[in-house]
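Q: Need a 3D model of the following:
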Amino acid sequence: MKVVVFGATGKAGRAVALTLLAAGHQVTVFARDPAKAPAQNGISVIAGDALNAAEVARAVAGQDAVVVSLGNSQNPVILWLGAKRTTPPNICEVGTANVIAAMTAASVTRLVCISSYGVGDTRDRPSRAHKLIFRLLRLGEQMADKEQQEKLVKASGLDWTLVQPVGLTDGAATGRWLASPTGERRKRTISRVDLAAFIVETLSGGRHLRETVVLSGLTI
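A: Below you'll find the model as predicted:
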């Protein structure tokens, strides 16, 4: 399968790209800074900005599936304190809108989008303590961007899957997780490599079409 990954310079997107490659897929990554893309034989890199519709369309053409792992890696507290912004606050919304338009034009239908637990279908699921952490970490802007992103995906008419991982870690692969389309969760965390493995399984097996899936770890 030919798969392009948007947001592959982030930790989650990088894990997805490498896991896709290990599973034998033909992988392309799209990045503003190609130097930050996974340096691995077998991965093609396309330089471009997700905010540029023409550059996005060039990357999507000829693919079988698309994985969107867009996000803002800047610390929201630092931004609140006045740090210079390097990523627009609506990167997920605008970037995903460009991806959807490109997929529709190129007749590419399979989309997996990494969102976040606590928005959309699970907006009311987090505990009070969890919501307090969101406020303390100034995550409101990022969560609002994810809300708009999810609305676009659901209205796209594509064969989409929204993945809502709980807290992501750099932990080792366990191969065990709860993938719940009804919003249930177990552990409060899951490793990025397990997230990537779930996404590759979902793409390969054609599962969870037009579902929002909460992904959480299981106690070993």
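Q: tell me which helix or strand of this protein sits lowest on mean pLDDT?
A: When the helices and strands of the chain are scored by mean pLDDT, DSSP states H and E, helix 76-80 comes last with a mean of 51.
Q: Name the residues of the very next helix or strand once past that helix that are buried.
A: Next in sequence after helix 76-80, counting helices and strands by DSSP states H and E, comes helix 91-106. Using 16 or more other Cβ atoms under 10 Å as the test for burial, helix 91-106 gives 91-103. The way it works is simple: take the backbone N, C-alpha and C, and place the C-beta from them, glycine included.
Q: Now tabulate those in CSV and tack on pLDDT.
A: Listed next are the buried residues of helix 91-106 as CSV, based on pLDDT from 0 to 100:
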residue, pLDDT
Ile91, 94
Cys92, 95
Glu93, 96
Val94, 97
Gly95, 97
Thr96, 98
Ala97, 98
Asn98, 98
Val99, 98
Ile100, 98
Ala101, 98
Ala102, 98
Met103, 98
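Q: measure Asp49 to Leu70 for me?
A: 11 Å (Cβ to Cβ, to the nearest Å).
Q: Looking at these two, which one has more neighbours?
A: Counted by other Cβ atoms under 10 Å, Asp49 and Leu70 do not tie: Leu70 has more neighbours, with 23 against 15.
Q: Surely that one is within a helix?
A: No: counting by DSSP: H, G, I helix; E, B strand; the rest coil, Leu70 is not part of a helix but coil.
Q: How far away from the center of its chain is stretch 40-57?
A: 15 Å (Cα atoms, centre = their mean, to the nearest Å).
Q: With just CA atoms, put it into CSV.
A: Provided in CSV are the C-alpha atoms of stretch 40-57 (Å, rounded to 0.1, in the frame of the first residue of the first chain):
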residue,chain,number,x,y,z
GLN,A,40,15.4,5.8,6.7
ASN,A,41,16.1,4.0,3.4
GLY,A,42,12.8,3.3,1.8
ILE,A,43,11.0,6.5,3.0
SER,A,44,10.4,9.2,0.4
VAL,A,45,10.3,12.8,1.5
ILE,A,46,8.3,15.6,0.0
ALA,A,47,9.0,19.1,1.2
GLY,A,48,6.0,21.2,1.7
ASP,A,49,3.7,23.1,4.0
ALA,A,50,0.3,21.6,5.0
LEU,A,51,-1.1,25.1,4.7
ASN,A,52,-0.3,25.2,1.0
ALA,A,53,-3.1,23.4,-0.9
ALA,A,54,-1.0,22.8,-4.1
GLU,A,55,1.9,21.2,-2.2
VAL,A,56,-0.5,19.0,-0.3
ALA,A,57,-2.2,17.9,-3.5
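Q: Going along the chain, name the helices of this protein.
A: Counting by DSSP state H, the chain has helices at residues 11-22, 53-60, 76-80, 91-106, 128-136, 140-154, 192-205.
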